[in-house]
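K.L.:
the sequence and its predicted three-dimensional model are supplied below.
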Amino acid sequence: VTPLGQHGETGDADESLESQVAYVIQNRREHAYSPAVTRLLDLSLSYVDDAEAAARKGSGAAWVMGLWDAPLFYACDTIPVSLTELGRLGSAEANAVAEDHFQFPKETCSMVATLLGEWYMRSASSIKRIVMYNGYCEPLNQAGELIRREGYQLHRIDSVVCPADSDNEERRQQMVRFLTGQLGGTARWLTGKPVDDVRLAHEIRRANRLLRKIRRMLDLRVHNPYYIRSLATMFILMGIGHYFGKPDAYEDMLDLLIEELQTAAVVPAPRGRIVPLAWVGARGQEFGVYKAVDDSGGAILGWYTANPWLADWREDLPPLEAVADYWVNRTARTSWDRRLAGIEQVVERSGARGLLMYMYVGCSFGGIHHEIQRTHFQEKGVPSMSLEGSFQVGPPTGQLLTRVRAFVEMLT
Ligand code: SF4
């Protein structure tokens, strides 16, 4: 495991890239030839500010994880504002606030520390509502309680835990029923009334349409991976959970990107050859890692992250139940054996020759998953590299670049 975010060595890392936002801006410059990718990165750069501005003008908005939330929240006239995108705006100050003001221990997940700090510093912000799914993790649950004391309103969705025997259909249906009830409560908390089934069904159809377009885009990208580089591709996948607050603009961007990929000349690989890889786990804040992979001749063509893009939402169920079903049965939060099967599917579909497994410092879940996955794929002859990163980082270290290059080299 390489601890990231240590700045002792520089290698040929670009020292001017001191923040996540700087990487996005640099990416935007690199993709100047593509109106679609430029639009995508603009959506990302303006997302939180525009959501806050909309909330100031009276639109509904709430902080959420931004994974499965889009259909339910848009059906409730509420912009889902993703916590991870808030983290990406993070400053070094945020972690200091978490430690000093909240006495949040250093060894706790850096993602949670950053979020707490950012929320605290934005306490005058227009978005004071948070919807939290209790089953994510305990550090996040604690952060919810701490920030509640600072004047935020917190709604909790009670969790359901996947059974060890993940094929226990009866238990799964029980979980879906329980979660359906919880989500009904979320809709009432957001709007003061029961969910509008017609609108939710419309949003579920939209989600499926967008997923089809994303899969089409990923398939086209296999033939031209450097047209849209890895970091920008990751942003497309992240958008599945929230559409950057602008569903129509997100869909238009996808249409345009598909059009561009169908006709654009192939962008040559930086090192004359392409090593297909799959990214597994957290999506990461060290954007320099994505750049290091691309620059070494690797191309991340398969993704197994918190954003499920392989499975559709069920349109044959009552809409609220379809949301619960999606969460219980289709996301990466499912049981470990289904998770392994999902990664295998991604590896097969992308032709990945190796796995890059990413987790945040202090995340015990991530550590356990890495162990299980490493052993499983070692036995199958698929090499993997574990990366452990934090939310507050600048450019990647020289040590990291060397390791990533060596990994890609080894797979050539
Ligand atoms: S990275 Fe792990 S510990 Fe941190 S918020 Fe996510 S699940 Fe929780």
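P.N.:
Yep, that arrived. Bear in mind that the values here come from a model prediction, so they are computed numbers and not experimental data.
K.L.:
contacts and neighbour counts: CA atoms only from here.
P.N.:
Fine.
K.L.:
any idea of the pLDDT on Leu190?
P.N.:
The score at Leu190 is 97. That number is its pLDDT.
K.L.:
list the contacts for it?
P.N.:
By CA atoms under 8 Å, 6 or more residues apart in numbering, Leu190 lies in contact with 76, 78.
K.L.:
could you look up the SS state of it?
P.N.:
Of the three states, Leu190 takes helix under DSSP: H, G, I helix; E, B strand; the rest coil.
K.L.:
again, but for Asp167
P.N.:
From three-state DSSP, the assignment for Asp167 is coil.
K.L.:
against Ser386, how distant is it?
P.N.:
Computed as CA to CA, to the nearest Å, the Asp167 to Ser386 distance reads 29 Å.
K.L.:
what helices and strands are in contact with the longest helix along the chain?
P.N.:
Secondary structure assigned by DSSP state H gives helix 197-221 as the longest helix of the chain. Here helix 197-221 touches helix 70-75, helix 247-263, helix 319-330, going by 3 or more CA pairs under 8 Å, 6 or more residues apart in numbering; DSSP states H and E.
K.L.:
off-centre distance for the helix or strand just after that helix?
P.N.:
Under the assignment DSSP states H and E, the closest C-terminal helix or strand after helix 197-221 is helix 230-239. Chain-centre distance of helix 230-239: 8 Å, with CA atoms, centre = their mean, to the nearest Å.
K.L.:
same question for stretch 65-80.
P.N.:
Stretch 65-80 sits 15 Å away from the centroid of its parent chain (CA atoms, centre = their mean).
K.L.:
closest residue of the stretch 251-400 of the chain to the ligand?
P.N.:
The ligand sits closest to Cys363 of the stretch 251-400 of the chain, with a gap of 3.8 Å, by CA to the nearest ligand atom.
K.L.:
ok, that residue - contacts?
P.N.:
108-109.
K.L.:
which residues touch the residue most central in space within the chain?
P.N.:
The residue lying closest to the centre of the chain (CA atoms, centre = their mean) is Met238, at 4.5 Å. By CA under 8 Å, 6+ apart, the contact list for Met238 reads 66-67, 307.
K.L.:
how about CSV for those residues, with distance to Ala36, neighbour count and pLDDT added?
P.N.:
Below are the contacts of Met238 laid out as CSV (distance: CA to CA, whole Å; neighbours: other CA atoms under 10 Å; pLDDT from 0 to 100):
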residue, distance to Ala36, neighbour count, pLDDT
Gly66, 22, 22, 88
Leu67, 23, 21, 88
Asn307, 21, 22, 84
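K.L.:
get me the contact residues on the stretch 251-400 of the chain for the ligand.
P.N.:
Residues of the stretch 251-400 of the chain found near the ligand (CA under 6 Å from any ligand atom) are 360, 363, 365.
K.L.:
hang on, the earlier thing: deepest of the helices and strands packed on helix 197-221, which one?
P.N.:
Neighbour counts (mean count of other CA atoms under 10 Å) averaged over each of the helices and strands packed on helix 197-221 peak at helix 70-75, with a mean of 24.
K.L.:
helix or strand right after that helix?
P.N.:
Remark: after helix 70-75, the chain's next helix or strand is strand 78-82, criterion DSSP H and E.
K.L.:
contacts for that following strand next, please.
P.N.:
Residues contacting strand 78-82 (CA under 8 Å, 6+ apart): 47-48, 51, 59-66, 69-70, 73-74, 190, 242, 244-245.
K.L.:
any of these buried? List them.
P.N.:
Neighbour counting by 16 or more other CA atoms under 10 Å classes 47-48, 51, 60-66, 69-70, 73-74, 190, 242, 244-245 among those as buried.
K.L.:
in what helix or strand does Ser386 lie?
P.N.:
Per DSSP H and E, Ser386 falls inside strand 384-389.
K.L.:
list the buried ones in the next helix-or-strand element following that strand?
P.N.:
Per DSSP H and E, the first helix or strand lying C-terminal to strand 384-389 is helix 398-411. Neighbour-count burial for helix 398-411 flags 398-401, 404-405, 407-408, 411 (criterion: 16+ other CA under 10 Å).
K.L.:
before we move on, what about stretch 168-178?
P.N.:
172, 175-176, 178.
K.L.:
out of those, which comes closest to Leu320?
P.N.:
The closest of the buried residues of stretch 168-178 to Leu320 turns out to be Val176 (CA to CA; 9.8 Å).
K.L.:
wait, that closest one touches Arg330, no?
P.N.:
No: counting by CA atoms under 8 Å, Val176 stays clear of Arg330, with 11.7 Å between them.
K.L.:
can you report phi and psi for the closest residue to Pro225 other than its chain neighbours?
P.N.:
Distances taken as CA to CA, 6 or more residues apart in numbering place Ala299 nearest to Pro225, at 6.4 Å, with adjacent residues excluded. When quoted as degrees, to the nearest 10, the phi and psi of Ala299 stand at phi -140, psi 120.
K.L.:
would TSV of the helices and strands packed on helix 197-221 with mean pLDDT be doable?
P.N.:
Supplementary listing: those in TSV, determined by pLDDT from 0 to 100:
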stretch	mean pLDDT
helix 70-75	98
helix 247-263	98
helix 319-330	92
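K.L.:
make a markdown table out of those helices and add distance to Gly184.
P.N.:
As requested, those are exported to a markdown table (distance: least, CA to CA, whole Å):
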| stretch | distance to Gly184 |
| --- | --- |
| helix 70-75 | 10 |
| helix 247-263 | 23 |
| helix 319-330 | 7 |
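K.L.:
now, the buried ones among the contacts of strand 78-82 that are in helices?
P.N.:
Those of these lying in helices (DSSP H): 47-48, 51, 70, 73-74, 190.
K.L.:
which one among the residues you listed gets closest to Ala341?
P.N.:
Ala70 (25.4 Å).
K.L.:
and the closest one, how far from Arg205?
P.N.:
12 Å.
K.L.:
before we move on, what about Ala269?
P.N.:
Using CA to CA, Ala269 is found at 37 Å from Arg205.
K.L.:
related to what we said a few turns ago, can you narrow the contacts of strand 78-82 down to the ones near the ligand?
P.N.:
Restricting those to those within reach of the ligand (CA under 6 Å from any ligand atom) leaves nothing.
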